[in-house]
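Trainee: what follows is a protein structure lacking sequence information:
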Ligand code: NAP
């Protein structure tokens, strides 16, 4: 008998998710007898859905908005880094039926830079993180896993303050209007705010003072080249866009459900880019 492994992404709404295209491409590429489908699950349906997973209908799946926090209570175990980040985005059903939750966003961030800017974390004195929302938490954890000191600036300074106290470690905080003083100190600048979406920009950020070896990355990927990245490229600075983070965060889940570690190839990237 052929055992078909099934995986999912649940959210509410879910129809705009690109995850089925990413995982579907890998399933086809590796000739796996399996499926990955987007399923709309309303908040009050979440416990019943997780029970279907526990009963063995699926190998696991991804969890997105609005379930990333609520699903904690339904897991049998949660990875400590997911607890620190405060969100579970990947579930795996173990052979004994126990459900393990973890967070792959920080791995996606690291995988993207490792692939597209190899050596980025060597001799890095400090990284500048703009924004202190949900995505920033995963990125701060990622940077700390590579022992990189951080300057964290946020429009609402109190939010940055709270986040830095929760995480501990070497994080200097400030308000976003201090960006022109902080940026020339940093070898890596990461935008984790939603600025950049729909072509919006940081009006007062003067990139002209940055060191010539600064690497600039944005996690916003619609548009793929945000105004921040366009400005950095115009000055000859190295840049990495945010699409790679989305692709790389999918790798650990796929490996856990289907037993094959997939690759983020140029062809896959082009396929997803065509949908942006
Ligand atoms: P979030 O929790 O809502 O946080 C939004 C952040 O942006 C906050 O720090 C907020 O500052 C700041 N912000 C919003 N509008 C601003 C403005 N006009 N000027 C300055 N700062 C502003 O959102 P999130 O979940 O962290 O997501 C942030 C972005 O990352 C989204 O565009 C999302 O699509 C993208 N993302 C990409 C990936 C990927 O795989 N590439 C993964 C996750 C998220 P305040 O605290 O002052 O409000």
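Mentor: Sure thing, it's come through. Keep in mind that what you see is a predicted model, and the values were worked out from it rather than measured.
Trainee: can you pull out the strands in this protein?
Mentor: Applying DSSP state E to the chain gives strands spanning 5-11, 34-40, 60-63, 77-78, 90-93, 99-102, 127-130, 150-154, 171-175, 188-191, 195-198, 215-218, 238-240.
Trainee: take these and write them to JSON lines, including mean pLDDT.
Mentor: Shown next, in JSON lines, are these (pLDDT from 0 to 100):
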{"stretch": "strand 5-11", "mean pLDDT": "97"}
{"stretch": "strand 34-40", "mean pLDDT": "98"}
{"stretch": "strand 60-63", "mean pLDDT": "98"}
{"stretch": "strand 77-78", "mean pLDDT": "98"}
{"stretch": "strand 90-93", "mean pLDDT": "98"}
{"stretch": "strand 99-102", "mean pLDDT": "98"}
{"stretch": "strand 127-130", "mean pLDDT": "98"}
{"stretch": "strand 150-154", "mean pLDDT": "98"}
{"stretch": "strand 171-175", "mean pLDDT": "98"}
{"stretch": "strand 188-191", "mean pLDDT": "98"}
{"stretch": "strand 195-198", "mean pLDDT": "93"}
{"stretch": "strand 215-218", "mean pLDDT": "98"}
{"stretch": "strand 238-240", "mean pLDDT": "98"}
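Trainee: residue 186 reaches residue 129, doesn't it?
Mentor: No: judged on Cβ atoms under 8 Å, residue 186 makes no contact with residue 129 at a distance of 9.2 Å. C-betas here are computed from N, CA, C, even on glycine.
Trainee: now do the shared contacts for these two.
Mentor: Jointly contacting residue 186 and residue 129 under the rule Cβ atoms under 8 Å, 6 or more residues apart in numbering are residue 151.
Trainee: more neighbours: the two, which one.
Mentor: Legend: neighbour count by other Cβ atoms under 10 Å for residue 186 and residue 129, higher for residue 129 (25 against 22).
Trainee: and the gap between residue 198 and residue 204?
Mentor: According to Cβ to Cβ, to the nearest Å, residue 198 and residue 204 sit 19 Å apart.
Trainee: typo on my end, it should be residue 21
Mentor: With Cβ to Cβ as the criterion, residue 21 and residue 204 are 37 Å apart.
Trainee: quick one: contacts for the closest residue to the ligand within the stretch 101-250 of the chain?
Mentor: Nearest residue of the stretch 101-250 of the chain to the ligand, counting by Cβ to the nearest ligand atom: residue 133, 1.9 Å away. Applying Cβ under 8 Å, 6+ apart, we find residue 133 in contact with 159, 192-194.
Trainee: hang on, the earlier thing: neighbour count for residue 21 and residue 204, which is higher?
Mentor: residue 21 (15 against 9).
Trainee: nearest residue to that one in space, please, no chain neighbours.
Mentor: Of all residues not flanking residue 21 in the chain, residue 272 sits nearest, at 6.3 Å (Cβ to Cβ, 6 or more residues apart in numbering).
Trainee: thank you kindly, that will do.
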